[in-house]
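Trainee: Need a 3D model of the sequence below.
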Amino acid sequence: MYPIIYGRDAPNTAAGATASHASRCLTNSLDPNLVKGKIVLCDVAIDGVGQFIAGAVGTVMQNQGPTSLIITQAYPLPASQLSLENGGDIYSYINSTRNPTATILKSIARKDTFAPYIAGFSSRGPNPAGHNILKPDLAAPGVEILAAWSPNSPISGVEVDKRSFSYNIISGTSMACPHATGVAAYVKSLHPKWSPAAITSALMTTAVPMSAKKNPDAEFAYGAGNINPLKASNPGLIYDIDALDYIKFLCAQGYHTTLLRHITGDKSICPEGSAGTAFDLNYPSIALSTPLSKAISHVFNRTVTNVGSPTSTYKAIVTTPPGLSIKVNPSVLSFTSLGQKLSFTLTIEREQ
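Mentor: Sure, this is the predicted structure:
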């Protein structure tokens, strides 16, 4: 057991730090004479540098945000993040006895039975650049991932930490992107002639559905679902998109010729009749931005390419939310060869 002290009670006044600075355990805010050899309770979760250079043996930090934002990460000293409520309990204990003590035990791995779900720090839709294109496309593992790490870089990411390791536990887009990229590269190796849009389609249409009960933002949190490497290479059907389709989409979004050419890098112009085709970009998902009180009557056009069995039949199965009418026409697509393209329409209606 080690003595435990509240950071606010150990300000480094010689360095000009106030009690407020010390409560947040900012760099050089803690008095080494009061902190050395002790565990420090801090009011915010930071990188641990202030506690480390003051000689603390450990730190307990209250997370001011939602507990869903608490994730595993490396610190330069033994550390634990707690909820504001639990941190308050420790503060009460420190003030209840003359010689408060504590210890930080070794972490115990456990299975998160609630997984998979979208982390609180992950960005959500809708897509600000175009509300009628559903984003995100899909989800991939990105929380507490065991990843390769350069031994030349401090394990905690702070310079005062001199430990050197070849692996680390990391969370964020930097972990989710390699998963998605790896699966995309795997699909590309099996289908070298597929376009980026075809690969995206394969990843989205084979994703494992996720639960809206666990993710209140539903598709705005996880898109098509959790990426599935085993099924992505054999989607059966793909929604392909070529360069002209993207040009028509951008034109329908209001891009003028100059801006369009900045994106395409050539002398593209908006084709005649491209206005109003934004909804018909051959995307694997369908989205419609509309006020809740407004009546809906919209038709989406999609074309799928057969990349599965040469002779195959697909039937549309629609689960319709209350108050909406969703119809697919034709509801059955029968293919007779590989590479064959067939089209269908999806009609969404709602009375005002």
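
Trainee: From Ile133, how far out is Leu260?
Mentor: 17 Å (C-beta to C-beta, to the nearest Å). Where you see a C-beta, it was placed from the backbone N, CA and C, and this is true even at glycine.

Trainee: Kindly report the same for Ser325.
Mentor: 23 Å.

Trainee: quick one, which of those two is more surrounded?
Mentor: Ile133 (20 against 13; other C-beta atoms under 10 Å).

Trainee: how about the strands in the stretch 1-150 of the chain?
Mentor: Secondary structure of the stretch 1-150 of the chain (DSSP state E, counting those that start in this stretch): strands located at 2-6, 39-42, 58-63, 79-83, 101-102, 145-148.

Trainee: now those strands as JSON lines including mean neighbour count?
Mentor: Formatted as JSON lines, these follow (neighbours: other C-beta atoms under 10 Å):
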{"stretch": "strand 2-6", "mean neighbour count": "19"}
{"stretch": "strand 39-42", "mean neighbour count": "27"}
{"stretch": "strand 58-63", "mean neighbour count": "22"}
{"stretch": "strand 79-83", "mean neighbour count": "19"}
{"stretch": "strand 101-102", "mean neighbour count": "16"}
{"stretch": "strand 145-148", "mean neighbour count": "12"}
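
Trainee: can you put the ones you listed in JSON lines and add distance to Tyr283 and mean pLDDT?
Mentor: Shown next, in JSON lines, are the strands of the stretch 1-150 of the chain (distance: least, C-beta to C-beta, whole Å; pLDDT from 0 to 100):
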{"stretch": "strand 2-6", "distance to Tyr283": "54", "mean pLDDT": "97"}
{"stretch": "strand 39-42", "distance to Tyr283": "47", "mean pLDDT": "97"}
{"stretch": "strand 58-63", "distance to Tyr283": "38", "mean pLDDT": "92"}
{"stretch": "strand 79-83", "distance to Tyr283": "39", "mean pLDDT": "90"}
{"stretch": "strand 101-102", "distance to Tyr283": "54", "mean pLDDT": "96"}
{"stretch": "strand 145-148", "distance to Tyr283": "29", "mean pLDDT": "92"}
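
Trainee: now the strands for the stretch 251-352 of the chain?
Mentor: With DSSP E, counting those that start in this stretch as the criterion, the stretch 251-352 of the chain has strands spanning 296-306, 312-315, 325-329, 332-335, 341-350.

Trainee: Relative to the third one, what are the paired strands and their orientations?
Mentor: Sheet partners assigned to strand 325-329 using DSSP bridges are listed as strand 341-350 (antiparallel).

Trainee: likewise the longest one?
Mentor: When pairs are called by DSSP bridges, strand 296-306 turns out to pair with strand 237-238 (antiparallel), strand 341-350 (antiparallel).

Trainee: What are the buried residues along it?
Mentor: Ile296, Phe300, Arg302, Thr303, Val304, Thr305, Asn306 (16 or more other C-beta atoms under 10 Å).

Trainee: same deal with stretch 168-182?
Mentor: Result for stretch 168-182 [16+ other C-beta under 10 Å]: buried residues Asn168, Ile169, Ile170, Ser171, Met175, Ala176, Pro178, His179, Ala180.

Trainee: circling back to that earlier point, of all the strands paired with strand 296-306, which gets the most neighbours per residue?
Mentor: strand 237-238 (a mean of 24; mean count of other C-beta atoms under 10 Å).

Trainee: And for it, what's in contact with it?
Mentor: Trp194, Ala198, Ser201, Ala202, Thr205, Val304, Thr305, Asn306, Val307, Gly308, Tyr314 (C-beta atoms under 8 Å, 6 or more residues apart in numbering).

Trainee: wait, what's in contact with the spatially closest residue to Gln340 that is not a sequence neighbour?
Mentor: Using C-beta to C-beta, 6 or more residues apart in numbering and skipping the chain neighbours, the partner closest in space to Gln340 is Asn306 (4.8 Å). Asn306 is in contact with Gly236, Leu237, Ser312, Phe335, Ser337, Leu338, Gly339, Gln340, Lys341, Leu342, counting by C-beta under 8 Å, 6+ apart.

Trainee: so what's Ser80 up against?
Mentor: Ser80 neighbours (C-beta under 8 Å, 6+ apart): Gly58, Thr59, Val60, Met61, Ile104.
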